[in-house]
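> this is the structure alone, sequence omitted:
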């Protein structure tokens with residue numbers, strides 16, 4: 001896979017400057033496409049943060065995610081796209097994107113800051129429970 005993130009970011013910014021960007025606060029790229037871990041079968045993992053004031057319901061955000069997937073896929077030159085709406089993502093995934101993803105588009109710095117803070121706090125609250133649950137499951141499997 002040969003994804004040039006700067007070229008993707010430029011094309012993305014140009015695309016979202018128009019009506020397609022209505023409601024989009026930020027876009028992050030994460031996973032193997034960030035850094036030197038990509039390979040021939042890699043996809044591009046994209047996290048999209050939407051403005052809650054513009055897309056208040058889960059259904060509206062889901063539909064916006066589908067629309068954005070269809071619009072962004074052609075910008076990747078045939079590389080598969082895996083898109084997640086960060087507003088509705090599990091806390092651990094959202095925190096991983098906030099901490100390790102590369103922001104390629106930003107239109108609302110205040111909303112981005114709140115998302116990064118809140119997702120990391122939610123994940124920190126949830127991780128001890130997930131670790132305990134995983135340990136219990138491993139113990140049960142080992143019996």
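Received it, and whenever you're ready, just let me know what you need. As the structure is a computational prediction, the values presented were derived from the model and not from experiment.
> count the neighbours of residue 114 for me.
By the measure other CB atoms under 10 Å, the count of residues near residue 114 is 14. All C-beta atoms are positioned from the backbone trio N, CA, C, and that covers glycine.
> element containing it?
According to DSSP states H and E, residue 114 maps onto helix 109-142.
> may I see the buried residues of that helix?
111-112, 115-116, 119-120, 123 (16 or more other CB atoms under 10 Å).
> okay if I get the residues you listed as JSON lines plus distance to residue 17 and pLDDT?
What follows is the buried residues of helix 109-142, written out as JSON lines (distance: CB to CB, whole Å; pLDDT from 0 to 100):
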{"residue": "111", "distance to residue 17": "18", "pLDDT": "94"}
{"residue": "112", "distance to residue 17": "18", "pLDDT": "94"}
{"residue": "115", "distance to residue 17": "21", "pLDDT": "94"}
{"residue": "116", "distance to residue 17": "23", "pLDDT": "94"}
{"residue": "119", "distance to residue 17": "26", "pLDDT": "95"}
{"residue": "120", "distance to residue 17": "29", "pLDDT": "94"}
{"residue": "123", "distance to residue 17": "32", "pLDDT": "94"}
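> so which residue is smack in the middle of the chain?
residue 47 (1.5 Å; CA atoms, centre = their mean).
> torsion angles phi and psi at it?
Dihedral pair for residue 47: phi -110, psi 130, per degrees, to the nearest 10.
> okay, now the unreliable bits of this structure?
Applying pLDDT under 70 to the chain flags residues 1-3, 32-41.
> mind listing the strands for it?
24-30, 44-50, 81-85, 102-106 (DSSP state E).
> point out the most buried one among the ones you listed.
strand 44-50 (a mean of 25; mean count of other CB atoms under 10 Å).
> helices or strands up against that one?
strand 24-30, helix 58-72, strand 81-85, helix 109-142 (3 or more CB pairs under 8 Å, 6 or more residues apart in numbering; DSSP states H and E).
> again, 6 Å this time
Using 3 or more CB pairs under 6 Å, 6 or more residues apart in numbering; DSSP states H and E, the elements in contact with strand 44-50 are strand 24-30, helix 58-72, strand 81-85.
> got the angle for the first one vs strand 44-50?
So that's strand 24-30. 160 degrees (axes from the mean of the first three to the mean of the last three CA atoms, to 10 degrees).
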